[in-house]
Structures are given as structure tokens and as C-alpha cells.
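Enquirer: kindly generate the corresponding structure for this input.
(chains A, B, C and D)
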Protein chains: 2
Amino acid sequence: MGATKSDQFTKEQNDLASLAKALGHPARIAIIEYLLKVDSCICGDIVGVLPLAQPTVSQHLKELKNAGLIKGNIEGTAICYCIDEEGFEKIKSFFDHVTVSLSKKKFDCC
Amino acid sequence: MGATKSDQFTKEQNDLASLAKALGHPARIAIIEYLLKVDSCICGDIVGVLPLAQPTVSQHLKELKNAGLIKGNIEGTAICYCIDEEGFEKIKSFFDHVTVSLSKKKFDCC
DNA sequence: TTTATATATTGCAATATTACGATAAAAGAA
DNA sequence: TTCTTTTATCGTAATATTGCAATATATAAA
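Expert: Residues are numbered from 1 along each chain as shown, chains lettered A, B, ... in the order given. You can find the predicted model right below:
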């Protein structure tokens, strides 16, 4: 055994887990932070910013894109990446739900 | 190679990634949702709720606890787990930062 | 066309995660 | 003490992730 039993959980649980998992690596957090900082779509200079080789960065970008957290646009010979707000909306609504639930909490046992 | 180059990133980036990573599995999302739903600390009946064996659930609980997302209290022969609000505050402040940054965004290229 | 630049893909080694049976540990009940 | 219940840990197999060199692809420039 050893494979994740994703089929045993709901689509919502799997989708949320995928989004969280995509953010579960410091390089990918760094990419998101950089994209937020430059306040515009940037291209492959992410490679220059990260302490990782180009294929590795490309792989991380692909994962963020697959998860729906960033978008990419072909711009001549370069590619312009930027935040995909939709993906962040989904995660954010989960944390909003958590916050609301916690505010309704009656006991504080632990 | 193949090991994560965590030492090349900041503590903040690694901490955030750890929190996100801990939520990056449907079983752990399910555990959090269950703890929110029961509106109180519950014990090992999480095992009865999840489609996983007891050692696997125990392992997932340990990861959530290490990440600072849940707390556990020994309660006789059972253990009482509940949400650790502090961990969720940390993640939430990251997403708040994302939201603020996105609202200041000028271009919409992608 | 050839050359240069930017990014993606392939293939593989190193490492990490997931899952669970077997077993241990801890505490209350008999 | 022994038995039962609850949870954790160990050991291990299956699988997934991480990282990069080599290579492929695609477009622009010369």
C-alpha cells in the first residue's frame, strides 16, 4: 500500500487538499510572494530569484498552475505568470468557514 | 538529489509551507472539518469517521499537531483533540495579505 | 536559414509520504 | 494482578515528491 486513498474522500476535501498541497513547499510560497510583490505578471526571472535550477522552477510553476493558483500567458518567447485569484478565493472561503466555526465554539477544552 | 532545499528559504516561508502542507491531504481536511462540526473536543471516534485504519489516523493527527493546527489533551484512557486557533491565525494572515495585495493590483494581464 | 533565448519535458536518483499489521504503552475495570 | 480499551510507535511496502542534467520545443533575431 502507500497510495493516498483520495477516492474515499469528497471532491471538496480533495480539491481543498490539492490547493493546500500546492502551497506546501517553500519555493512555491516564495513564487506566490514574488508574484504579489511585483504587482504585475513577470516571466522567467523567477528562476533568477529562487535558489533552484530552471527545470525545478518550471516544475513548481506547473504545479501551482495545475492547482489553479497561478495563470500563464505566452508572451513572445517568454511566459508571463500571475496569480489566479479564483484559486485563492476557494482556499480563502475555507478559512473564512473555519473562522466562523471557531467564533461559535462553546467549549475550550484543550 | 531530491531533498527539499528548505534551508535556502526563509523561516516564514518554511513555516507557512509546513502549515499548508499539513492541510494538503484529504484525510487531514476531513479531520479539521469534523473537529469544527462537533463543536467540542472529541476523542478517537475520528477513527470511526475516516475510511482509514487507526495507526494511519493517529499519524495524520500527529502531523496536524506538529504543524500546530490541532491540540491534544489526555483524558483518562482517551485523548481529546481540538482545533489550535493559533496555527489557523498564521495561515489566515497570509491569505489576508494575499487578498490585500490583489486588491492593490493594477494590471490584469493573464 | 542559423543562432540565441526562454521555457518545458524526460529520465533518473535521492528522499519523503501514505498506509497498515503488529506491537507497545497507559490507564481504568474486574 | 489480569483484562479491556484507547492511542502511539515500529517496521515495512507502495507510491509520490523534489531536484537537476540533458534535451526538446518554440519564438525572435540575425
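
Enquirer: phi, psi of residue A:45?
Expert: Dihedral pair for residue A:45: phi -70, psi 0, per degrees, to the nearest 10.

Enquirer: tell me the pLDDT at it?
Expert: If you check residue A:45, the pLDDT there is 88.

Enquirer: so how many other residues sit close to it?
Expert: 11 (other CB atoms under 10 Å in any protein chain shown). Glycine gets a C-beta too; all of them are placed from N, C-alpha and C.

Enquirer: element containing residue A:81, please.
Expert: Taking DSSP states H and E as the criterion, residue A:81 maps to strand A:78-83.

Enquirer: any residue of that strand touching chain B?
Expert: Yes. Using CB under 8 Å from any CB of the partner chain, strand A:78-83 comes into contact with chain B via A:80, A:81, A:82, A:83.

Enquirer: tell me the mean pLDDT over the longest helix along chain A?
Expert: Counting by DSSP state H, the longest helix found in chain A is helix A:85-103. Averaged over helix A:85-103, pLDDT sits at 94.

Enquirer: contacts for it?
Expert: With contact meaning CB atoms under 8 Å, 6 or more residues apart in numbering or on different chains, helix A:85-103 is reached by A:15-16, A:19-20, A:23, A:67-70, B:32, B:36-37, B:39, B:83, B:85, B:88, B:91-92, B:95, B:98-99, B:102.

Enquirer: pull out the buried residues from it.
Expert: Across helix A:85-103, burial judged by 16 or more other CB atoms under 10 Å in any protein chain shown covers A:85, A:87, A:88, A:90, A:91, A:92, A:94, A:95, A:98, A:101.

Enquirer: that'll do, ta.
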